[in-house]
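Enquirer: Return atomic coordinates for the entry below.
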Amino acid sequence: MVRRSIEKAAVLVEALPYIQSFKGKVVVVKFGGSLMDNEQYVNSILRDVVFMHSVGMKPVIVHGGGCHISDAMRAAGLTPRFVEGYRVTDAETIKVVEHILVEEVNAMLQRKVREFNVIPEGHSGRDFGIVQVKKYEPLVSDKPGAAAVAVDIGYVGSVERIDAGPILAILDNDRLPVIASLGRGPDSATYNVNADETAGETAVALQAEKLVFLTDVGGLLRNTRDEDSLISTLRVSEAEKLLEDKAADGGMIPKLRACINAVRRGVHKTHIIDGRLTHSLLLEIFTDKGVGTQLVP
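Expert: A predicted model of the protein is given here:
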């Protein structure tokens, strides 16, 4: 019993310089996708975020909806379609997206944060013009060698500007911001926005100490088939080379791009870690070795 108590104390001592260093600093945490489908993962992640808040850090949660949106679309008789990884979002679909992200996912996250005795404040990114976007039209080629043309995929936006003011006001009130990845377009309509992009741009606007992406893999792998090939530290130039060589694939690509963009524009460090691992956030931020991939200048 005494030995276990000493081991616990040693962990706290290891964490102390990190707690002191990051006190008062902003950390943007993005999660969504498959992690949202598991209540145990959600509870574990939020417990870590609340711990960060309780020791004086200023965490900001940015989230998407992923599978929840697709399930709700099917239930409403709509067929999910994607172009270049972006959800085709017509007038009916954006209503479903907004409902799921705000009324269900965001509300659920706020409810669970309250259970840990911290006051959250949840918003859609379009509230107060926090996330301002322009219409995004991916360039698509219909056959090899053909010129790519812009395709209209509906109410899908790319971030033009993040207004940090409303988020900073929430932090100044000692509340935990929970932001759903939606944006306000130039026509004042609601637009669906890639949550990785929103998180990255939010971290830049807040000049965050850290930007953390929670995923369902251990981090960035040199070989996607080998979990032992984890890259623990990566420089921006190396990350850009991985993208050029197409060594990153699937959902890792927008995360890596957001990490590179954030570090180049002032965020001190970015991290890609496994949200399924208990206390992965705390292990990455408050221990010497960490558990995922950190990207540095």
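Enquirer: Quick check, residue 41 in contact with residue 33.
Expert: No: contact criterion Cβ atoms under 8 Å: residue 41 and residue 33 do not qualify, at 10.5 Å. From N, CA and C alone the C-beta is placed, and that goes for glycine too.
Enquirer: contact partners of the biggest helix by length in the chain?
Expert: Longest helix in the chain by number of residues (criterion: DSSP state H): helix 2-22. If you take Cβ atoms under 8 Å, 6 or more residues apart in numbering as the criterion, helix 2-22 is touched by 52, 55, 56, 57, 209, 210, 282, 285, 286, 287, 288.
Enquirer: Next, give me the two most distant ones among these.
Expert: 56 and 288 (20.3 Å; Cβ to Cβ).
Enquirer: who's more crowded, the two?
Expert: Comparing residue 56 with residue 288 by other Cβ atoms under 10 Å, the one with more neighbours is residue 56, at 12 against 8.
Enquirer: could you give the mean pLDDT of stretch 97-108?
Expert: Averaging pLDDT along stretch 97-108 yields 96.
Enquirer: helix or strand for residue 258, which one?
Expert: Assigned by DSSP states H and E, residue 258 belongs to helix 252-264.
Enquirer: Who are the packing partners of that helix?
Expert: Judged by 3 or more Cβ pairs under 8 Å, 6 or more residues apart in numbering; DSSP states H and E, helix 252-264 is in contact with helix 195-205, strand 210-215, helix 236-244, strand 269-274, strand 293-296.
Enquirer: export it as CSV, just CAs?
Expert: Output of helix 252-264 as CSV, limited to C-alpha atoms (Å, rounded to 0.1, in the frame of the first residue of the first chain):
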residue,chain,number,x,y,z
MET,A,252,-4.6,11.4,-40.8
ILE,A,253,-4.1,13.7,-43.8
PRO,A,254,-6.3,16.7,-42.6
LYS,A,255,-4.9,16.3,-39.0
LEU,A,256,-1.3,16.4,-40.2
ARG,A,257,-2.1,19.4,-42.5
ALA,A,258,-3.8,21.2,-39.5
CYS,A,259,-0.8,20.4,-37.3
ILE,A,260,1.7,21.8,-39.9
ASN,A,261,-0.4,24.9,-40.4
ALA,A,262,-0.8,25.5,-36.7
VAL,A,263,2.9,25.2,-35.9
ARG,A,264,3.9,27.4,-38.8
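Enquirer: Distance of the residue lying closest to residue 287 once chain neighbours are set aside relative to residue 285?
Expert: Among residues not flanking residue 287 along the chain, residue 14 sits closest, at 6.1 Å (Cβ to Cβ, 6 or more residues apart in numbering). In this view, residue 14 and residue 285 are 12 Å apart by Cβ to Cβ, to the nearest Å.
Enquirer: Neighbour count for these two, which is higher?
Expert: In this view residue 14 and residue 285 are compared by other Cβ under 10 Å, and residue 285 has more residues nearby, 26 against 13.
Enquirer: Excluding sequence neighbours, find me the nearest residue to the more buried one.
Expert: Using Cβ to Cβ, 6+ apart, the closest residue to residue 285 is residue 18 (6.4 Å).
Enquirer: so how far is residue 114 from that neighbour?
Expert: Where residue 114 is concerned, residue 18 sits at a distance of 27 Å (Cβ to Cβ).
Enquirer: picking up where we left off before, and for the residue nearest to residue 285, the neighbour number?
Expert: Neighbours around residue 18, by other Cβ under 10 Å: 16.
Enquirer: same question, residue 286
Expert: 23.
Enquirer: same check, this time on residue 206
Expert: 23.
Enquirer: Pretty sure residue 59 is one of the things it touches, is it not?
Expert: No: judged on Cβ under 8 Å, residue 206 makes no contact with residue 59 at a distance of 11.0 Å.
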